[in-house]
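Asker: turn this into a model:
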Amino acid sequence: MRAWAWLVLVSGTFVPLTATGQVPLPGASPEEVAELVLAADSTRDWRSLLQLAHPDALLEFRETQLKMLEPVPGPLGVVDSCMRRVFQSAGFARQRETHLRYALDSIFHVPTIDSLGHLSPDSVFARYGQHLSHLPMPRPLDPRAPTRKILGALYGPSQTAYVLVYEYYDSLPGPTWPRERTETMIFRRERGEWRSMLDGPISLSAGTGVLMFSGDE
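Answerer: Residues are numbered from 1 along each chain as shown. Prediction:
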């Protein structure tokens, strides 16, 4: 048997999606921090998310932006030959250049991808969040938005916790979308406090990228 054990805490806490995000009190549990993260994400409160995020999540966010702005986006660089032809087409190259200049000039306010890589991770996240805050907000009572309930947390090794979030959809976003599902949010200790890896059901997540994916040819 391993030297550590999983502990399951079922709190039955409903997520207040209309609440304003804020910094948790010292000693807050992963479930309590998760509530704040979900609330901040629902209102695009990037300032609160920045304070609730673990440094590793912000570092991953910056690396994702850099990969997405590469000539062949990192996550898509190993696709089949058909998609590779799209990347190599003249139409894609023109669209990519337009998209690249928009991302660098209007979102991150830097001249080159290299200069973006030299920004601190929190600065990259803040600039992305500021840009997003100027875009139209989704409808507050979108029927496709799920009802969420935090079920509890699993505590693992290395100061890591996994918060389980139950989602139920009254109106399905798509024909194959499940009526209910469970998402997992990862939290890690940072200076004694739980901080989010910005994953799971978070829209402004560490894996969010400024991706342009289209082609004329």
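Asker: contacts and neighbour counts: CA atoms only from here.
Answerer: Fine.
Asker: and the helix or strand where residue 98 lies, what does it pack onto?
Answerer: Secondary structure here is read from DSSP states H and E; on that basis residue 98 sits in helix 90-102. Contacting helix 90-102 under the criterion 3 or more C-alpha pairs under 8 Å, 6 or more residues apart in numbering; DSSP states H and E is no other helix or strand.
Asker: what about 10 Å?
Answerer: For helix 90-102, the contact count by 3 or more C-alpha pairs under 10 Å, 6 or more residues apart in numbering; DSSP states H and E identifies helix 81-88 as packing neighbours.
Asker: how close does residue 206 sit to residue 93?
Answerer: As for residue 206, its distance to residue 93 is 26 Å (criterion: C-alpha to C-alpha, to the nearest Å).
Asker: comparing these two, which shows the higher neighbour count?
Answerer: Using other C-alpha atoms under 10 Å as the criterion, residue 206 and residue 93 rank with residue 206 on top: 24 against 18.
Asker: which one is that one nearest to, not counting chain neighbours?
Answerer: Take residue 206 and drop its neighbours on the chain: the residue closest to it by C-alpha to C-alpha, 6 or more residues apart in numbering is residue 61, 4.3 Å away.
Asker: okay, now the one you found: neighbour count?
Answerer: Burial of residue 61, expressed as a neighbour count using other C-alpha under 10 Å, amounts to 24.
Asker: likewise for residue 161?
Answerer: Neighbouring residues of residue 161 were enumerated by other C-alpha under 10 Å; the total is 25.
Asker: circling back to that earlier point, is it true that the residue nearest to residue 206 touches residue 204?
Answerer: Yes - distance between residue 61 and residue 204: 9.4 Å, which falls inside the contact criterion (C-alpha atoms under 10 Å).
Asker: looking at it, residue 128 is touching residue 135, isn't it?
Answerer: No - proximity of residue 128 to residue 135 does not meet the contact threshold set by C-alpha under 10 Å, at 11.3 Å.
Asker: more neighbours: these two, which one.
Answerer: Comparing residue 128 with residue 135 by other C-alpha under 10 Å, the one with more neighbours is residue 128, at 24 against 8.
Asker: so which strand or helix has the more buried one?
Answerer: If you go by DSSP H and E, residue 128 is part of helix 121-133.
Asker: next SSE downstream of that helix?
Answerer: Where DSSP H and E defines the elements, the next helix or strand beyond helix 121-133 is strand 147-155.
Asker: which other helices and strands contact that next one?
Answerer: Here strand 147-155 touches strand 8-14, helix 30-42, strand 160-168, strand 180-190, going by 3+ C-alpha pairs under 10 Å, 6+ apart.
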